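**Student:** Here you go, sequence then predicted model.
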Amino acid sequence: MKKFKGMKTGLILSGGGVRGVAHIGAIKALEEHDIHITHVAGTSAGAIVGALYASGHPWEAILEFFKTTQLFRFGNYALNKPGFVDPEKFYDRFLNYFSEDDFESLKKPLYITATNILDGTLKVFHHGELVRPILASASFPGVFAPIKIDDGYYVDGGVLNNFPSDLLKKQCNRLFGVYVNPFEKVKVEELKHSYTILERVLKILMAKESLGKFADCDLVICPEDLTNYSTFSLKDMDSIFEVGYKATNEAIEKMTAS
């Protein structure tokens, strides 16, 4: 896409659990349309995809990472920590994908968010150690144990900022956003478990905060078909990837035709 060449172009990647695999499909479509991303901001699953992308990994490798990372393997369960899964046990897995455990080693500037549950503030990570902030940003509360970094105790950045367009809008000429938490009305019978209630409450809060920031972007991809997939469903990654790819292609083609 010639009109975007030479511009500082930011990519905003929301949280959304396994639905974050749609971000990878979006990246594939952006590349095929010759849209060169210079800056990345992500939250939760978007922080994981964004970090791997900013490190220079192709979309194929990022998709393979998600497919082969066994989130709920017995050995990953948290012991004496407030959560079912201990994100610290993924440290070595993540470290293998980066040349150094440092934001400065990345090929694109990256900003990720996490929520400090001790004082209720948002933390933006951009410098220093890389892996633990990624793990913190993706630590969905109630499922993953919080991550201690310095004096903070961090969980999912999506609690306070699930669509961090504000982190890039002053630095970039153009912003593309991918939002993988489409909001829809649900039925009572769909709220069967405690984690589905928690997921629903967080989704309501995230939607209210995120939708108001769509105006920061030149284009927002929000695949409606993602409502068919659960936040924690691990068996539909190929389908979720295709949803993100198709929705991004359609959105770009519609934008260029107007």
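**Tutor:** Yep, that arrived.
**Student:** Just the buried positions in stretch 54-69, please.
**Tutor:** Neighbour-count burial for stretch 54-69, counted by 16 or more other CB atoms under 10 Å, picks out 54-55, 57, 59, 62-63, 65-66. Heads up, the C-betas are built off the backbone N, CA and C, glycines and all.
**Student:** any idea how far the closest residue in space to Tyr91 that isn't next to it in sequence lies from Asn161?
**Tutor:** On the basis of CB to CB, 6 or more residues apart in numbering, the spatially nearest residue to Tyr91 that is not a chain neighbour turns out to be Val131, at 5.8 Å. For Val131, the distance to Asn161 under the criterion CB to CB, to the nearest Å works out to 20 Å.
**Student:** re the thing from before, could you tell me which of the buried residues of stretch 54-69 belong to helices?
**Tutor:** Restricting the buried residues of stretch 54-69 to those inside helices, with DSSP state H as the criterion, leaves 54, 59, 62-63, 65-66.
**Student:** okay, Val131 and Asn161: which has more neighbours?
**Tutor:** Under the neighbour definition other CB atoms under 10 Å, Val131 and Asn161 were set side by side, and Asn161 has more, 24 against 21.
**Student:** Give me the nearest residue to that one, chain neighbours excluded.
**Tutor:** If you skip the residues right next to it in sequence, Asn161 has Thr113 as its closest partner in space, 4.7 Å away by CB to CB, 6+ apart.
**Student:** mind listing what the one you found touches?
**Tutor:** Listed by CB atoms under 8 Å, 6 or more residues apart in numbering, the contact partners of Thr113 are 41, 43, 47, 122-125, 137, 157-158, 160-161, 164, 167.
**Student:** buried ones in the helix or strand hosting Glu242?
**Tutor:** Assigned by DSSP states H and E, Glu242 belongs to helix 237-257. When neighbours are counted by 16+ other CB under 10 Å, the buried residues of helix 237-257 are found to be 237, 240-249, 251-252.
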